[in-house]
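# quick one: sequence and predicted model below, then my questions.
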Amino acid sequence: MGSNDFINNYLTPVISVPEQKLISPEMFVGIVISRYRLQLTRLYNLGARKIVVVNVGPIGCIPYQRDSNPAAGDNCVDLANQLARLFNTQLKSLVTELSTDLQGSQFAYADVYHIVDDILQNFISYGFENANSACCHLAGRFGGLIPCGGPSKVCGDRSKYVFWDAYHPSDASNVIIARRLLDGDSNDITPINIRQLVGL
């Protein structure tokens, strides 16, 4: 489960408006969490014992959301980020619950929202020059209206962009995220990082 479960469902422009009127964000998140509980329990029943559960990043900051919600101006889209934070809070509780209930399991909760938010807030200190637009782009103020493809333009130096395309972090961003999950402290991944989890 991840950002696509929100972007291609509850946050789909125009199409999701009726759903948003019928189902509150809290109800939608509750449904997703209940599905996630089933999937994680299924993995455990199939023999998985060391499981890293990654939360949803600040999806309101991706170029697609910025271009789909022009009223946000230069800011991230509040509704999308609020939905991600609501999900993440419940996901962290679910991970704690499953760690207790599933005997012999060891879960790690990866806080990608925190990591990406830190990158966005401090992008210059990470060596980036652009924190809000897609490197691979075709249309939209932030390059987020049309997915990256054949006719798209690509920036001159992709290592200077936080986002590769309308939806995804660049390779440079992913390296930072991966390093922080591999060796990070409890602000990034808890109760232990991936290197420690592998060592158990």
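Done, it's in. Note that the coordinates shown come from a computational prediction; the quantities given were computed from them, not determined experimentally.

# distance from the centroid: which residue in this protein tops it?
Most distant from the centre of the chain: Gln103, at 28.3 Å, with distances by CA atoms, centre = their mean.

# sec struct for it, please.
coil (DSSP: H, G, I helix; E, B strand; the rest coil).

# could you report the distance from it to Leu22?
39 Å (CB to CB, to the nearest Å). Glycine gets a C-beta too; all of them are placed from N, C-alpha and C.

# if I look at Arg49, how far off is Met1?
20 Å.

# can you check Asn88 too?
11 Å.

# now the strands for the chain?
50-54, 106-110, 130-134, 136-137, 153-154, 161-163, 189-190 (DSSP state E).

# winner for burial among those?
strand 161-163 (a mean of 28; mean count of other CB atoms under 10 Å).

# and that one, how far from the chain's centre?
Remark: strand 161-163 is offset 14 Å from the chain centroid, using CA atoms, centre = their mean, to the nearest Å.

# do stretch 170-187 as well
Taking mean C-alpha positions (CA atoms, centre = their mean), stretch 170-187 and its chain are 13 Å apart.

# likewise stretch 132-148?
Counting by CA atoms, centre = their mean, stretch 132-148 comes out at 18 Å from the chain centroid.

# skipping adjacent residues, who's closest to Gly143 in space?
His137 (2.6 Å; CB to CB, 6 or more residues apart in numbering).

# pretty sure the one you found sits against Pro151.
No - the criterion here is CB atoms under 8 Å, and His137 misses it with Pro151 at 10.6 Å.
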